[in-house]
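Colleague: Structure for the following, please:
(2 chains)
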Amino acid sequence: MSGSVLNISGLSVDFATLRGPLRVLDGVDFSLEEGEILGLVGESGSGKSVSAMTVMGLLPDTARIAAGSIRLGGRELVGLGRKAMRPLRGRDMAMIFQEPMTSLNPVLTVGFQIAETRMLHFGESEPAAMRKAVEMMEAVGIPDPAARALDYPHQLSGGMRQRIMIAIAMAGEPRLLIADEPTTALDVTIQAQILDLMLDLRDRTGTAILMITHDMGVIAQMADRVAVMYAGQIVEQAGADDLFDHPAHPYTNRLLQSIPSARHRVDRLKIIPGTTPSPRDFALGCRFQPRCEDALTRCLSEAQVLAQYAPDRLVRCWRCFEPAEGVV
Amino acid sequence: MAGLFSRLSAAWHSDLALRFRRNRNAMIGSILVSLVLFVALFGGLFAPYEYDRINMAVIWEPPGAEFLMGTDALGRDVFSRILIGARISMLVAASVLAITFVIGVTLGMIAGYFGGWADTLIMRTVDIIFAFPELILAILVAAVIGTGTGTVIVALSLVWWPGIARLTRSLVLSLREEMYIDAAISSGTHPARILLRHLLPNIASPLIVRASVGVGFIVMAEATLSFLGIGVQEPTPTWGGMIRDGLDSLRTDPHLALYSSLALGITIIGFNMLGDGLRDLFDPKMGER
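Modeller: Model (predicted):
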């Protein structure tokens, strides 16, 4: 609790379906300190975005938080009503969405969309908020901000729009910034600029960033710590350097091997056989076991918990603790 | 709404103006509509006679130099009556539009955005009103509260708002899933503000088109009610009422029904062309933005 900006523990989320509830998040734990960047990685469907949506309270009506707690700066968010959430959103926590093309309102000027956050949360008048918006646009590296503030989203490029999104999110001076694949829709060169910008903003404002991505390269560039998600669970959590140097969980290992490297020439990249399982048919024991090359007999039937593996390292894998047992 | 509209038009002004000039429907439509609105506002100034001045000496006069469009069975000047009739028709159309859009857009947005029981309640009410033929319902209203200009406005508003509500709801339903609405929610924006500042400007253009096409229908419906004798009452002239009166003597004195029909036709065509033109203009898929 001490100094944590965000503290999530035992968070489980169910989606109501015609065939009964579906558990898409299962006992997720992680926390963020002030100024820390936590990378949340995983394949599509592993529960990364649902985690973010849960924190922001943007889950669809069919979803339900089944268990766990989300504490934002010591305040419990689970069970908070819509009205009580409203002053927190944009002020204490803000979110950058994946698609800068569709996340901006096409009929409002970008300056106004930034200013709106100031008006909502700081009670600033529209002219004052607009001046602040121009400052924010300058801070996120938009040239000629005073003129651009009066532009509509379609007049700006994708990279510029993502900068505007960041300015909107930062306008409330949030302690927690959730970035859901902020660079996926951008060109590689623009990607690097946006990531640099976010690092720079972190250094200047001390905001904590929850970086959601499937791109290990983004994680390597940004994150202080990494949480790897698989099938609705966190399977490994470690400092970024530790994780890249010595991945403990077989899934993390395979994930890293599937990235092309400039240093080692390989003909074919290693892929992980199979696909992410649907929440409807998770394996009985370890959820990764059907795709794991190193599975033990124990992995078939018994689910491991996320356990301390080394100082500041958590892993959900039997193998890491009992490497000696016979391989299936 | 006015401030909002000026923002929109200011941003798109030069571009929109150019495309407007190139759009034949919009141009012809707007010229006809301006003409009708001008007549409605200032037509009284040009009326050569009092619209209700009865002069039994000059009944059934054919069109000529003294009476531009002839006179009716009571010797009243048809031209003057058509000019004044424009004002009544436009008054009814504007009132009905204002009422139906305030009610229809508000309820439609609430139904579409919040869903749930509000949606059910509003849309089932809409369905019930839709279940009745429009004219029958309007006649029913007239039967209950009596005839007159007010009745026409109330009756037409009652049968018109459900269509607006349904259109608005469907527009909101598709926009509600847009990411920028999620983004607005995640900035802590109040729902009322999301509806007014974020959603309304986005659905404004189809609604404006609907309004301009709607005017034609409303004028026609008003004429129908007056034609049936449950609308605006004598001696106040309306185009519908004049057509009804003229029909009896269509064979002997066609000018009575002819000129009022012509005025009605021009108005309806004008507004429909403007509506069609605006729809093309506002459609982002038509041409480069």
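
Colleague: Leaving out chain neighbours, which residue sits closest to A:Met160?
Modeller: Excluding the flanking residues, the one nearest A:Met160 by CB to CB, 6 or more residues apart in numbering or on different chains is A:Ile142, at 6.3 Å. (C-beta placed from N, C-alpha, C; glycine too.)

Colleague: ugh, wrong one, B:Leu171
Modeller: Distance criterion CB to CB, 6+ apart; nearest residue to B:Leu171, sequence neighbours excluded, is B:Ile203 at 4.2 Å.

Colleague: what's whichever helix or strand the one you found is part of packed up against?
Modeller: Assessed by DSSP states H and E, B:Ile203 sits inside helix B:200-227. For helix B:200-227, the packing partners by 3 or more CB pairs under 8 Å, 6 or more residues apart in numbering or on different chains; DSSP states H and E come out as helix B:2-22, helix B:78-114, helix B:134-145, helix B:149-176, helix B:239-247, helix B:255-282.

Colleague: With mean neighbour count and mean pLDDT as extra columns, can I get these in TSV?
Modeller: Output for the helices and strands packed on helix B:200-227, formatted as TSV (neighbours: other CB atoms under 10 Å in any protein chain shown; pLDDT from 0 to 100):
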stretch	mean neighbour count	mean pLDDT
helix B:2-22	12	67
helix B:78-114	22	91
helix B:134-145	16	84
helix B:149-176	21	92
helix B:239-247	23	83
helix B:255-282	20	86
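
Colleague: so which of those gets nearest A:Met216?
Modeller: helix B:149-176 (34.7 Å; CB to CB).

Colleague: Beyond that closest one, next helix or strand please.
Modeller: helix B:179-186.

Colleague: quick one, that following helix and helix B:200-227 angle?
Modeller: Compare the direction of helix B:179-186 with that of helix B:200-227 by axes from the mean of the first three to the mean of the last three CA atoms, to 10 degrees and you get 110 degrees.

Colleague: Enumerate every residue touching the residue nearest the centre of chain B.
Modeller: Nearest to the geometric centre of chain B sits B:Val215, at 2.1 Å (CA atoms, centre = their mean). Residues in contact with B:Val215 (CB atoms under 8 Å, 6 or more residues apart in numbering or on different chains) are B:93, B:97, B:267, B:271, B:275.

Colleague: So what's the residue count around the residue nearest to B:Leu171?
Modeller: The number of residues packed near B:Ile203 is 21, by other CB atoms under 10 Å in any protein chain shown.

Colleague: before we move on, what about the one 3 residues further on?
Modeller: Neighbour count for B:Pro206, taken as other CB under 10 Å: 17.

Colleague: try A:Pro60
Modeller: A:Pro60: 8 neighbours (other CB under 10 Å).

Colleague: and if you look at the one 4 residues further on?
Modeller: For A:Arg64, the neighbour count with other CB under 10 Å is 12.

Colleague: which SS state does it fall under?
Modeller: Counting by DSSP: H, G, I helix; E, B strand; the rest coil, the backbone at A:Arg64 sits in strand.

Colleague: Chain neighbours aside, what residue packs nearest to it?
Modeller: A:Asp14 (5.0 Å).

Colleague: A:Ala248 now?
Modeller: Nearest residue to A:Ala248 in three dimensions, chain neighbours excluded: A:Val315, at 4.6 Å (CB to CB, 6+ apart).

Colleague: Need the phi and psi values for that neighbour.
Modeller: phi -140, psi 140 (degrees, to the nearest 10).

Colleague: show me what contacts it?
Modeller: A:235-237, A:248-249, A:306-307, A:309.

Colleague: do the same with B:Arg251
Modeller: Counting by CB under 8 Å, 6+ apart, B:Arg251 has no contacts.

Colleague: do the same with A:Gly73
Modeller: Here A:Gly73 is in contact with A:4-6, A:92, A:175 (criterion: CB under 8 Å, 6+ apart).

Colleague: quick one: contacts for the residue nearest in space to the middle of chain A?
Modeller: For chain A, A:Ile212 is the residue whose C-alpha lies nearest the centre (CA atoms, centre = their mean; 2.5 Å). By CB under 8 Å, 6+ apart, the contact list for A:Ile212 reads A:40, A:48-49, A:51-52, A:178-181.
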